[in-house]
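In: Sequence isn't available, so here's the structure alone:
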DNA sequence: ACCGCCGGGTGCC
DNA sequence: ACCGCCGGGTGCC
């Protein structure tokens, strides 16, 4: 045994005493829910939608330990006590390939972690076994080294590997928040957020819950800045509704705000970020803008146009800007650097110092005590604006802000980016809402002839373009004039389209330069908190631009159920967002006074013949499903069960509908072509059955649905990831059946409706439900022939069947379903919305047709022919006519067949509504709970 | 003394 | 760094 070895061992032993915690706390088991909630958990699969590095869902805290940051004197980055730091591997370090850099929130290097610790941590970081994070608890002012609290976060399955690896290097992790030992409470006792282990299990909210909770934040707006109204500039030709005046006032206050951004406070001469405890000397810039997240139909476009014209910052008649610019700063020092007076420089007037931004000088009306000459004014204005001296009194100058564009960089132009589909809408709206005598320069940056000269763009008042053009130009960077102009204002319309942070389109939008930034969207949170992060990165809100800080301060705490995290999220969202839904209230008063909406349920009794068929199919189905229950294979036959239920639902509508509903059993020994066809039929059934199907892997709604050979439907990217990561013999997450990439079947594009289920008019037979509908329609026509109605069904073939009696009774109707081309849809909508006397009075509408924007306000009656699984889908459909522009009372009739699957569906709907009313942080059902819920649903649907 | 102790030189990775 | 570590100087009490 050599002497060196002795020494080394001793050293390691001492280290383990220094850093580690002894005692059984190490073996303290995590709360039971991490292990026990899913005894046969088959759905616990790596989330495929993001790389291991980014995916912070389902992580747990492995533990914490104390380490040291060394080499401080070689780096410029500084930290404050209690400040978060980032650890970054530096494999190319010539002295140590295990090197780990320590950076502050700003990204400046503070030092390295000590090499012995780095030797242990490097492996963990490189293999993504854990995310290692640091906080400097105290000693931030030390000259050479400082302590560092390290926390290790990762997936449960990696915990033991990490602990073992650290142990091999002589380190031990302590669980957080145990009172004993060296004051582990330090973190919670101090200012700033607490990052202790969460009290609630790591469960996620469903996207739906998240959206509901999000809306609750805005249920009844009472804040001053969100309820104050403001008249638009004269140039706006359309009178604004009260809520639009509120939007205008709020947007302008956001653009001119001098407040600190959220989570910053001033202490002494420094600005502190209260989340990370990062401190800076310079005042952090606030977002001059935000998210206008109003519901569809509340007039976001008009609000944005009013904003552009009202807060124009120009010598247009609006606002008539006579600015009295007075200077209170005795020490005013101006350089020719655009926009900034820099401390320490001199100007022609001598040595005067100023720390104010020039822009602020214009905006503020403060008193001034010395003379300026023209040169001074020009220098002050920088290359962007010219300040004309209007009058000079002793000690006071009145300057007119002339805003002549001198440079091509910074302009008065607003850039509006929108999807192509709404580009023409913007042009229309500008025409409609801007007074005709106002000459606003609008340039549509689109098409092959668009000018590539930034100077052309910067001369405009408004530049309109699309996300695709923006992204395309950004792709060939040298060719993107959009990215060369420093815009006065950018407005991203339908801003949720930038919710994928990795998408080129998002990067292209983030890459734009502007003073003021706006996002208009009806759905600020689509699916997850990640959506919000993309928006934040567009706003360049510090410190969230860096994903790590967003994760550590908000996203992870929230997903782990930490109350502090939720409060921070709420504060952040409230700060930058204005959102009103149709049901929002302002100081207790409804934002939008819509005509009343009444929902009636019309019970339908089946005829004897219909009842007979129904009962026989029901008994047959119960037998089949009962067998699945006995075998315990209900969920592996889920698609088949759905098919049976669909058949029953179709029988409630019309016996003909169920005739061609193919019910195929297990994919047995059929040929591959037959099998494929069966699978295609099944996936169509699952998707068209209106079941609110979720992908069992991402637990979100299906994107790119594909069906496996074992007849389970997943998102294509999700299941591909599973197959990829479980190679060579991947198993179906739902039934452990064999999985092969080449056997996945996609849902073929919806084919045009095969001529009304092949039934000719003469062969047509009525059904009880259709008769009830026709009776109602004819009664309605007698009462008022002008009233227009929507007839809604989930089964497009049912709509086709209904066409026959409509024709026979002389109704003029239009039709809208998923199989129609965009052009035909627009035609149908325009035709229906027309008030011409010969225009159709009836629209046959498939439940899910059209986006949220679909506007069918010409109708004031809705006949919902069959209930949907998800009440939200029905609501959305009703909103197509019960929205801004609806002048009449809206009456909705839901047809429900007595003693049938439909009645049971209603009960389930009511339960779902109750669930949706849960609170923020309500735990999401685990996948096994979800399975149980589904089984329960199936049972109650067919009275088992 | 193949030690201990002293005090100067020195200092991330 | 008001430390630790290194290595040279040194050596009874």
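Out: On my side now, so go ahead. Quantities reported herein were computed from a predicted structural model and do not represent experimental measurements.
In: Residue A:797: which element?
Out: For residue A:797, the host element (DSSP states H and E) is helix A:796-808.
In: give me every residue that touches whatever residue of chain A ends up closest to DNA strand C.
Out: The nearest approach of chain A to DNA strand C comes at residue A:144, 3.5 Å away (C-beta to the nearest atom of the strand). For glycine as for every other residue, the C-beta is placed from the backbone atoms N, C-alpha and C. Going by C-beta atoms under 8 Å, 6 or more residues apart in numbering, residue A:144 touches A:70, A:71, A:72, A:73.
In: If we check DNA strand C, which of the residues you listed are in contact?
Out: Among the contacts of residue A:144, the ones lying near DNA strand C by C-beta under 7 Å from any atom of the strand are residue A:73.
In: Can I have the buried ones of the contacts of residue A:144 as a ChimeraX selection?
Out: Burial among these is assessed by 16 or more other C-beta atoms under 10 Å; the matching ChimeraX selection reads:
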select /A:70,71,72
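In: Quick check: the residue of chain A closest to DNA strand C vs residue A:68, distance?
Out: Distance, residue A:144 to residue A:68, using C-beta to C-beta, to the nearest Å: 10 Å.
In: shared neighbours of these two, which are they?
Out: Common neighbours of residue A:144 and residue A:68 (C-beta under 8 Å, 6+ apart) do not exist.
In: the strands in the stretch 101-250 of chain A, which residues?
Out: A:109-113, A:131-136, A:145-155, A:220-221 (DSSP state E, counting those that start in this stretch).
In: if you compare the ones you listed, which one is most tucked away?
Out: strand A:109-113 (a mean of 24; mean count of other C-beta atoms under 10 Å).
In: Just checking it against DNA strand B, any contact.
Out: Yes: Strand A:109-113 comes into contact with DNA strand B (C-beta under 7 Å from any atom of the strand), by way of A:111, A:112.
In: Tell me what angle that strand forms with strand A:145-155.
Out: 80 degrees (axes from the mean of the first three to the mean of the last three C-alpha atoms, to 10 degrees).
In: Flag the shaky bits of the stretch 101-250 of chain A, pLDDT-wise.
Out: Along the stretch 101-250 of chain A, the model assigns pLDDT under 70 to residues A:177-208, A:210, A:220.
In: coming back round to it: out of the contacts of residue A:144, which one sits closest to residue A:254?
Out: The closest of the contacts of residue A:144 to residue A:254 turns out to be residue A:72 (C-beta to C-beta; 39.9 Å).
In: May I ask you to confirm that that closest one is in contact with residue A:113?
Out: No: if you go by C-beta atoms under 8 Å, residue A:72 and residue A:113 don't touch, sitting 11.7 Å apart.
In: Ramachandran coordinates for residue A:934?
Out: Per-residue torsions, residue A:934: phi -70, psi -40 (degrees, to the nearest 10).
In: Kindly report the same for residue A:769.
Out: When read as degrees, to the nearest 10, the backbone of residue A:769 gives phi -70, psi -40.
In: where does the stretch 301-450 of chain A come near DNA strand C, residue by residue?
Out: Taking C-beta under 7 Å from any atom of the strand, no part of the stretch 301-450 of chain A reaches DNA strand C.
In: Tell me which of the strands of the stretch 101-250 of chain A sits nearest to residue A:606.
Out: strand A:220-221 (45.3 Å).
In: quick one: the strands in the stretch 651-800 of chain A?
Out: Using DSSP E, counting those that start in this stretch, strands in the stretch 651-800 of chain A cover A:705-707, A:713-715, A:745-746, A:788-793.
In: Between those, which one is closest to residue A:89.
Out: strand A:713-715 (32.4 Å).
In: Strand partners (parallel or antiparallel) of the closest one?
Out: The strands that strand A:713-715 pairs with in its sheet are strand A:705-707 (antiparallel) (by DSSP bridges).
In: Mind checking the pLDDT average for the partner strand?
Out: Average pLDDT, strand A:705-707: 82.
In: Give the buried residues for that strand.
Out: Applying 16+ other C-beta under 10 Å to strand A:705-707 flags A:705, A:706, A:707 as buried.
In: closest to DNA strand B among those?
Out: residue A:706 (47.6 Å).
In: ok, the closest one - contacts?
Out: Neighbour list for residue A:706: A:683, A:713, A:714, A:715, A:716, A:719, A:744, A:745, A:746, A:747 [criterion: C-beta under 8 Å, 6+ apart].
In: Nearest residue to the closest residue to DNA strand B within chain A in space, please, no chain neighbours.
Out: Using C-beta to the nearest atom of the strand, the closest approach of chain A to DNA strand B is made by residue A:71 at 2.4 Å. Distance criterion C-beta to C-beta, 6 or more residues apart in numbering; nearest residue to residue A:71, sequence neighbours excluded, is residue A:111 at 4.4 Å.
In: Next: residue A:232.
Out: Residue A:232 sits nearest to residue A:306 (C-beta to C-beta, 6+ apart), 4.1 Å away.
In: for residue A:227, same thing?
Out: Distances taken as C-beta to C-beta, 6+ apart place residue A:586 nearest to residue A:227, at 5.3 Å, with adjacent residues excluded.
In: give me the beta-bridge partners of that neighbour?
Out: residue A:221, residue A:589.
In: so it makes contact with residue A:246?
Out: Yes: when contacts are counted by C-beta under 8 Å, residue A:586 is listed as touching residue A:246 (6.9 Å).
In: In terms of neighbours, single out the busier of the two.
Out: residue A:246 (23 against 19; other C-beta atoms under 10 Å).
In: ok, that one touching residue A:226?
Out: Yes: the pair residue A:246 / residue A:226 is scored as a contact, 6.4 Å apart, by C-beta under 8 Å.
In: list residues touching both of the two?
Out: A:578, A:586.
In: What average pLDDT does the helix holding residue A:797 get?
Out: Averaged over helix A:796-808, pLDDT sits at 94.
In: Now the element after that helix, going C-ward?
Out: strand A:813-816.
In: Can you give me the distance of residue A:614 to residue A:245?
Out: 55 Å.
In: Which of the two has more residues huddled nearby?
Out: Just comparing residue A:614 and residue A:245: by other C-beta under 10 Å the higher neighbour count belongs to residue A:614, 21 against 18.
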